[in-house]
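[1] Just need the structure, nothing else, for what follows:
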Amino acid sequence: MITDFFQYEFLTRALIAGVLLGILAPVVGQFLVVRRFSLLADTLSHVSLLGVALAVFFKLPIFFGALGSSILGGLGMEFLRRSGKVMSESILALFLSGSLASALVLLAISDGVSINLLSYLFGSITTVTNTDLMILSLLLFVTCIFIFLGYRKLFLLALDEDLARVSGVSVDKYNVLFILLASAVVAGSITIVGALLIGALMIVPVLAAMQWRRSFLTTLLLSIVIAEGSVLAGFFVSYRLDLPSGATIVLFSLIEFLVSYLGNRKN
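    Sure thing, here's the model as predicted:
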């Protein structure tokens, strides 16, 4: 079984992609969870789905369609949130339903797009290309640099925007930069676990790690370990049992959350 992954190139690419995503997803997800923006990941994934539909419809590169729609949607949500005229939860619901409805309308007026689009709903890690690996590697590099250089400011921003502003953090700038980063991660991951499941991979490992009540940095590292465990276990099991890879990975994440919750229940 193990030798199969070195014998077939597509399995090797899939394994590398899973490892990269296992780092990317929880790193971005932790800042979303602490800021109580967990649904932002799901919303961005639905917005990126509209970009996928548009890219297929106009025969454009899928990644750039998903990235463009995610960035525009994320910036639009941040603009409405900053205006204070619409509640944050309502903004997420507005963009989530609006983008999904737009994608469905696009499906209705174009034959053939639906077949291509459905493959991006649930993803398939075994269809990862070398281009996908390059994109994920670049995203991981940019994310690590961004977190390393701005860790203190991002930490303050995650705890409280007012505290960060008083401490001299350019809140608006870092909010925009983080949205751009989250949008890029969602767009780069959509082919692997799918638009309907990427949000879970970004959030569930973080929730599992938070059950152990450790420091922010320790929780971040633990969430990466949990995510990697679910990705690798889900990948091997889905391959052996011919199951959907994205769904299997998320199910293992949920199992790890349940184990963490029950294992640390006394605390």
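[2] Mind picking out the helix or strand in the chain with the poorest mean pLDDT?
    When each helix and strand of the chain is scored by mean pLDDT, DSSP states H and E, helix 4-7 comes last, with a mean of 64.
[3] got a list of contacts for stretch 186-194?
    17-18, 21, 24-25, 41, 44-45, 48-49, 51-52, 62-63, 66-67, 70, 120-125, 127-128, 132, 135-136, 139, 198, 201, 245-246, 249-250 (C-beta atoms under 8 Å, 6 or more residues apart in numbering). Every residue, glycine included, has its C-beta placed from N, CA and C.
[4] Okay, and which of those map to helices?
    Applying DSSP state H to the contacts of stretch 186-194, the entries found in helices are 17-18, 21, 24-25, 41, 44-45, 48-49, 51-52, 62-63, 66-67, 70, 120-122, 132, 135-136, 139, 198, 201, 245-246, 249-250.
[5] I'd like to know which of the contacts of stretch 186-194 are buried.
    17-18, 21, 24-25, 41, 44-45, 48-49, 51-52, 62-63, 66-67, 70, 120-121, 123-125, 128, 132, 135-136, 139, 198, 201, 245-246, 249-250 (16 or more other C-beta atoms under 10 Å).
[6] just checking, residue 220 touches residue 30?
    Yes: between residue 220 and residue 30 there is a contact under C-beta atoms under 8 Å: 5.2 Å.
[7] Tell me where the stretch 101-250 of the chain has helices.
    113-122, 130-159, 161-166, 171-193, 198-210, 216-241, 245-263 (DSSP state H, counting those that start in this stretch).
[8] Only the buried residues of the last one, if you could.
    For helix 245-263, burial by neighbour count (16+ other C-beta under 10 Å) applies to 245-253, 255-257, 260.
[9] same deal with the shortest one?
    By neighbour count, and taking 16+ other C-beta under 10 Å as the criterion, the buried residues in helix 161-166 are 161, 164.
[10] What helices and strands are in contact with that helix?
    If you count contacts as 3 or more C-beta pairs under 8 Å, 6 or more residues apart in numbering; DSSP states H and E, helix 161-166 packs onto helix 130-159, helix 171-193.
[11] Looking at those helices, which one is packed in the most?
    Highest mean neighbour count of the helices and strands packed on helix 161-166: helix 171-193, a mean of 23 (counted as mean count of other C-beta atoms under 10 Å).
[12] now that helix against helix 130-159, angle please.
    Comparing the axes of helix 171-193 and helix 130-159 via axes from the mean of the first three to the mean of the last three C-alpha atoms, to 10 degrees yields an angle of 140 degrees.
[13] change the start of the numbering to 28 and stick with it
    Noted, 28 is the first residue going forward, which turns the last one into helix 198-220.
[14] tell me the mean pLDDT for helix 198-220?
    Averaged over helix 198-220, pLDDT sits at 87.
[15] Please write out the alpha-carbon positions of that helix in CSV.
    Output in CSV follows, covering the C-alpha atoms of helix 198-220 (Å, rounded to 0.1, in the frame of the first residue of the first chain):
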residue,chain,number,x,y,z
VAL,A,198,-6.4,47.6,11.7
ASP,A,199,-7.9,48.3,8.3
LYS,A,200,-4.7,47.4,6.4
TYR,A,201,-4.3,44.1,8.2
ASN,A,202,-7.9,43.2,7.8
VAL,A,203,-7.6,43.7,4.1
LEU,A,204,-4.4,41.8,3.9
PHE,A,205,-5.8,38.9,5.9
ILE,A,206,-8.9,38.7,3.7
LEU,A,207,-6.7,38.6,0.6
LEU,A,208,-4.7,35.8,2.2
ALA,A,209,-7.8,33.8,3.2
SER,A,210,-9.3,34.3,-0.3
ALA,A,211,-6.1,32.9,-1.9
VAL,A,212,-6.0,29.9,0.4
VAL,A,213,-9.7,29.1,-0.4
ALA,A,214,-9.2,29.5,-4.1
GLY,A,215,-6.0,27.3,-4.1
SER,A,216,-7.7,24.6,-2.1
ILE,A,217,-11.0,24.3,-3.9
THR,A,218,-9.9,21.6,-6.3
ILE,A,219,-8.6,19.4,-3.5
VAL,A,220,-11.4,19.3,-0.9
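[16] low pLDDT regions in the stretch 28-177 of the chain?
    Counting by pLDDT under 70, the stretch 28-177 of the chain shows low-confidence ranges at 28-33, 137-145.
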